[in-house]
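Undergrad: Next come a sequence and a model predicted from it.
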Amino acid sequence: MWLKFRGGKGVETYLGVLLAINWPAGLLCCLTWLVVAFAWRYSSLAALIAVLAGPGYAYWLGNWQIMELAAFMAVLVFVRHHQNIRRLVKGEEPRIGGKKTT
């Protein structure tokens, strides 16, 4: 349903798993996404930073096993987002609320 089933499912799954197994870390990741998305208006950048922060939040909260799982899932998310990363570096990634290109 989100984005007509195009994009976002991996990050949603990451956040869902983190919220289920360690809700404070998951909530901090969601908050991180909101802050970054509001500040820079790039959904993919916000997702990547939130996912990258997840293992750090789990570590800070003292849960080593969840930190390891979050780090593993973060690697998978980054591998799957290589095209988004490339577009961000080139300055070609669409912004939240920006003009739609077809």
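TA: Yes, it's here. Numbering: from 1, shown residues only.
Undergrad: wait, isn't Gly97 in contact with Arg41?
TA: Yes. Contact criterion Cβ atoms under 8 Å: Gly97 and Arg41 qualify, at 6.5 Å. (Each C-beta comes from the backbone N, C-alpha and C, glycine too.)
Undergrad: Looking only at neighbour counts, state which of these two leads.
TA: Arg41 (14 against 6; other Cβ atoms under 10 Å).
Undergrad: Enumerate every residue touching that one.
TA: 95-98 (Cβ atoms under 8 Å, 6 or more residues apart in numbering).
Undergrad: quick check, nearest of those to Ala46?
TA: Ile96 (8.4 Å; Cβ to Cβ).
Undergrad: Quickly note the distance from the closest residue to the closest one other than its chain neighbours to Lys9.
TA: The shortest distance from Ile96 to any residue other than its chain neighbours is 4.5 Å, reached at Arg41 (Cβ to Cβ, 6 or more residues apart in numbering). Distance from Arg41 to Lys9, counting by Cβ to Cβ, to the nearest Å: 21 Å.
Undergrad: Now do the one helix or strand Trp33 maps to: which elements does it pack against?
TA: Assigned by DSSP states H and E, Trp33 falls within helix 23-40. If contacts are counted by 3 or more Cβ pairs under 8 Å, 6 or more residues apart in numbering; DSSP states H and E, helix 23-40 sits against helix 9-21, helix 43-60.
Undergrad: So which residues make contact with stretch 29-37?
TA: Stretch 29-37 has contacts (Cβ under 8 Å, 6+ apart) with 14-15, 18-19, 42-43, 45-47, 49-51, 53-54, 57, 96.
Undergrad: still on that earlier bit, so how far is the helix holding Trp33 from its chain's centroid?
TA: 9 Å (Cα atoms, centre = their mean, to the nearest Å).
Undergrad: And stretch 70-82, by the same measure?
TA: 9 Å.
Undergrad: neighbouring contacts of that stretch?
TA: So stretch 70-82 is contacted by 10-11, 14, 17-18, 25, 44, 47-48, 51-52, 54-55, 57-58, 85 (Cβ under 8 Å, 6+ apart).
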